[in-house]
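S.K.: got a sequence here, can you model it:
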Amino acid sequence: PARGFAGAPEPLAIPDVIVTAAQDFGWRVELNAEALPRVLVNESYAAVIKRGAAREEDKQYISTQLQSAHWLTKSLEQRARTILNVASEIVRRQDAFLVEGVSGLKPLNLKTVADAIGVHESTVSRATSNKYVATPRGLFEMKYFFTASLPSGGVGEAHSAEAVRYKIKQMIDAEDPRKVLSDDDIVAKLRAADIVVARRTVAKYRDNLKIPSSMDRRRQKMSGLAMA
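M.R.: From the prediction side, this is the model:
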């Protein structure tokens, strides 16, 4: 009965870039034509108007407006190329994510992508702001792929902060209700996996994931066992 008073559902984010698997086992990165602004300049119409203008100032005005229109279309084309270049570089560097999921995320910052495609960091920042990419792993904001770097314990590569958060969640999801992992236990397990983090970092990531402390989890899980 109340359906008539309900508001329209929030629209899902429209991807600006679409990534699909290619036949050569790589990735095809394409702009989403539906998300691109469409601006066309009717040169024939502009020529007709200019020929019909009697005064020189009118002709000059038409020429100025036509130049502005050309500048706008070229700017939009440049913007689209930049978004595509940035997305292609992100896909190249985050190939493991597309294959393995979150655990495959690599540390990445704006400067690395900017240097690779020959633009300024601010350009990459603008190109990825409020932009979304559709991948075989789902729809993600482009900023998601820029993650901080955490050192390894040996000579291996650094680890992505997002991948470490995911690993912490996996550990906690799989923990024994009778032996709940403390933050110190998680630190030790991460070090065993060649990931160096401080206890306060684990606590911060756990809070970000909205996961209770080990004491609260133990209470919740033991309560669940007792009810079972």
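
S.K.: residues in contact with the most centrally placed residue in the chain?
M.R.: Nearest residue to the geometric centre of the chain (Cα atoms, centre = their mean): residue 142, 2.3 Å. Counting by Cβ atoms under 8 Å, 6 or more residues apart in numbering, residue 142 touches 16-17, 86-87, 90, 127-128, 131-133. C-beta: built from backbone N, CA, C; applies to glycine.

S.K.: find me the pLDDT at it, would you?
M.R.: Listed pLDDT for residue 142 reads 95.

S.K.: relative to residue 201, how far out is it?
M.R.: 25 Å (Cβ to Cβ, to the nearest Å).

S.K.: does the residue of the chain most remote from its centre count as helix, strand or coil?
M.R.: Checked against the mean C-alpha position of the chain, the extreme residue using Cα atoms, centre = their mean is residue 54, at a distance of 53.7 Å. Secondary structure, DSSP: H, G, I helix; E, B strand; the rest coil: residue 54 is coil.

S.K.: leaving out sequence neighbours, find the closest residue to the residue nearest to the centre of the chain.
M.R.: residue 128 (4.0 Å; Cβ to Cβ, 6 or more residues apart in numbering).

S.K.: need the helices for the chain, in chain order.
M.R.: Per DSSP state H, the chain carries helices over the ranges 43-52, 56-93, 95-100, 110-117, 121-128, 161-173, 183-192, 199-208, 214-227.

S.K.: from the chain's centre, how far out does the last one sit?
M.R.: Just to be clear, that refers to helix 214-227. For helix 214-227, the separation from the chain centroid amounts to 36 Å (computed by Cα atoms, centre = their mean, to the nearest Å).
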